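Asks: Provided below for reference: sequence and predicted model.
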Amino acid sequence: MSNMIAISGLLANNDYMEIISNNIANASTIGYKSRKPLFFDMFSHSFYSNTTNGYGVGISSIIQNFNNGMLVETGRDLDLGIIKDGFFRLVDSQGHVYYTRDGQFFLDKDQNIINIQGMYLTGLNTSCSKSDFNNRSNLEPINLKNSNILKNKPTSEIMLKAFLNRNTESKSSVDNSDNKLSKPEDYMTYISIYNKEGKKEDITVSFNKKETNKWTVNVESNDSDDKETINNSFDLTFNDDGELTSDNVFNITSKDSKKYENITLNLTGTIEQSNSDVSWEEHSQNGYPQGNLKTFDIVTNGEIIGTYCNQKQQTIGQILLSKFINPEKLQPESGNLWSATAESGEAKTAMKAGIQESGVLSNKTLEVSNVDLNKELINMIIAQRNYQSNAQSFKTEDKIINTLINLQ
């Protein structure tokens, strides 16, 4: 019986040594989580007495330590670390789902985001529907190909906030027979807009005082070929406090509807004030030309923000993180991956990182292994001593048996 006890100790501590060795070997593996065994004692019961005898030791399970490892900066756009809980979701070419804390990603020739084994990082694509990818798991590989070009957007709104001088001389007091904005008191600014073809054009927005508390705003095209393409006039009325009492949003009409989008002129905030030069807040419009993707950034909530050559930014993808009720029961796989099991529970996926108690992303960083080499070396010494002690116990028992056999 003593031999069997010693053998169980040898086997258990041999397995312990293998676990420690694997931890030490992966001390530099990105996203690796250390493991340790849970020992249990074994007893046997006699049929002839109530005595319970020790029968040795065994390993009931191996616990995975999912505490966060330290984050180190790398400077790579596609190096990602996870702060707190969560896993990146990956899918292979057969549609099988895996999970990892290793955030080293790359772009393949088709502009899919992949890991070093060629598995696809999953999430949502904002610029296209689901791909034709063979996907049993109903996950969507993130692909940037359809986001390379940002289509032009014709101008549909112009926002302008003007500060008009109440002491400006009205038009009725000036001899101006052609009714054009030619007197020094007229105020104008030029605004660039984009037509449906994505071409940039200038329009003139000018203000002219008609009478006390009343102004006219004129909008016309600067197109030298046809200045009448856009030619609109609107009346503004102010109260004694200089606040705009008439409409502040106007529809700009065009003679060429095939060329221009329906445009609104928003004058919200325009006021009339005394003893002040006319001035403007910086005007804006919502149109832009076509642009090509220059760079992209991944923010903490997992959104992939593309920056285009036309100075516009747009969300082009969304990385999704998964979380488990019992991550310690995930099945370890080669390649620093895990797969879900019945004991781990189903993955809960947050639409964005940082919600539903999932972690957040850290851009241009990687999570290093959480192996503590000092502890592992101490554990190795303990396991070696245990192994040697059990081996010595086995030798001692063997000597006793030999002595008994050789008695005469």
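Replies: Received, thanks. Residues are numbered from 1 along each chain as shown.
Asks: Quick check on the closest residue to residue 268 other than its chain neighbours: phi, psi?
Replies: Excluding the flanking residues, the one nearest residue 268 by C-beta to C-beta, 6 or more residues apart in numbering is residue 248, at 5.0 Å. Every residue, glycine included, has its C-beta placed from N, CA and C. Dihedral angles of residue 248 (phi, psi; degrees, to the nearest 10) stand at phi -110, psi 0.
Asks: Contacts only, for residue 248.
Replies: 266-268, 270 (C-beta atoms under 8 Å, 6 or more residues apart in numbering).
Asks: in the stretch 301-408 of the chain, which ranges drop under the pLDDT threshold?
Replies: Residues of the stretch 301-408 of the chain meeting the criterion pLDDT under 70: 351, 354, 356, 408.
Asks: those strands in it, which residues are they?
Replies: For the stretch 301-408 of the chain, the strands defined by DSSP state E, counting those that start in this stretch occupy 303-308, 313-319, 321-323, 331-333, 337-339, 348-350, 360-363, 365-367.
Asks: between those strands, which gets nearest to residue 6?
Replies: strand 331-333 (30.3 Å; C-beta to C-beta).
Asks: Contacts for the closest one, please.
Replies: Outside of strand 331-333, the residues within contact range by C-beta under 8 Å, 6+ apart are 35, 64, 98, 338-341, 344.
Asks: in the sheet, who's paired with residue 36?
Replies: Beta-bridge pairing for residue 36 (DSSP bridges): residue 63.
Asks: what's the spacing between it and residue 201?
Replies: 70 Å (C-beta to C-beta, to the nearest Å).
Asks: List the buried residues of stretch 189-206.
Replies: Neighbour-count burial for stretch 189-206 flags 191, 193-196, 198, 201, 203-206 (criterion: 16 or more other C-beta atoms under 10 Å).
Asks: Please identify the most buried of the strands of the stretch 301-408 of the chain.
Replies: Neighbour counts (mean count of other C-beta atoms under 10 Å) averaged over each of the strands of the stretch 301-408 of the chain peak at strand 321-323, with a mean of 23.
Asks: Name the next helix or strand downstream of the helix or strand bottoming out on mean pLDDT in the chain, please.
Replies: None of the helices or strands of the chain scores lower by mean pLDDT, DSSP states H and E than strand 279-280, at a mean of 72. Once the chain leaves strand 279-280, the next helix or strand it forms, by DSSP states H and E, is strand 284-285.
Asks: Just checking: what are the partner strands of the next helix or strand after that following strand?
Replies: Scanning forward in sequence from strand 284-285 by DSSP H and E, the next helix or strand is strand 291-298. Strands that pair with strand 291-298, judged by DSSP bridges, come out as strand 149-150 (antiparallel), strand 303-308 (antiparallel).
Asks: got JSON lines for the strands of the stretch 301-408 of the chain, with distance to residue 19 too?
Replies: Formatted as JSON lines, the strands of the stretch 301-408 of the chain follow (distance: least, C-beta to C-beta, whole Å):
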{"stretch": "strand 303-308", "distance to residue 19": "38"}
{"stretch": "strand 313-319", "distance to residue 19": "32"}
{"stretch": "strand 321-323", "distance to residue 19": "26"}
{"stretch": "strand 331-333", "distance to residue 19": "12"}
{"stretch": "strand 337-339", "distance to residue 19": "17"}
{"stretch": "strand 348-350", "distance to residue 19": "29"}
{"stretch": "strand 360-363", "distance to residue 19": "29"}
{"stretch": "strand 365-367", "distance to residue 19": "21"}
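Asks: Weed out the non-buried ones from the contacts of strand 331-333.
Replies: Looks like the contacts of strand 331-333 have 35, 98, 338, 340, 344 buried, using 16+ other C-beta under 10 Å.
Asks: May I ask you to confirm that residue 369 is in contact with residue 26?
Replies: Yes. In this structure, residue 369 is within contact of residue 26 by C-beta atoms under 8 Å, at 5.9 Å.
Asks: which residues are common contacts for the two?
Replies: Any residue near both residue 369 and residue 26 by C-beta under 8 Å, 6+ apart counts here, and that gives residue 32.
Asks: In terms of neighbours, single out the busier of the two.
Replies: Per other C-beta atoms under 10 Å, whichever of residue 369 and residue 26 has more neighbours is residue 369, with 20 against 17.
Asks: how many other residues sit next to the closest residue to that one other than its chain neighbours?
Replies: In space, and not counting its chain neighbours, residue 369 is closest to residue 32: 4.0 Å by C-beta to C-beta, 6+ apart. By other C-beta under 10 Å, 22 other residues sit near residue 32.
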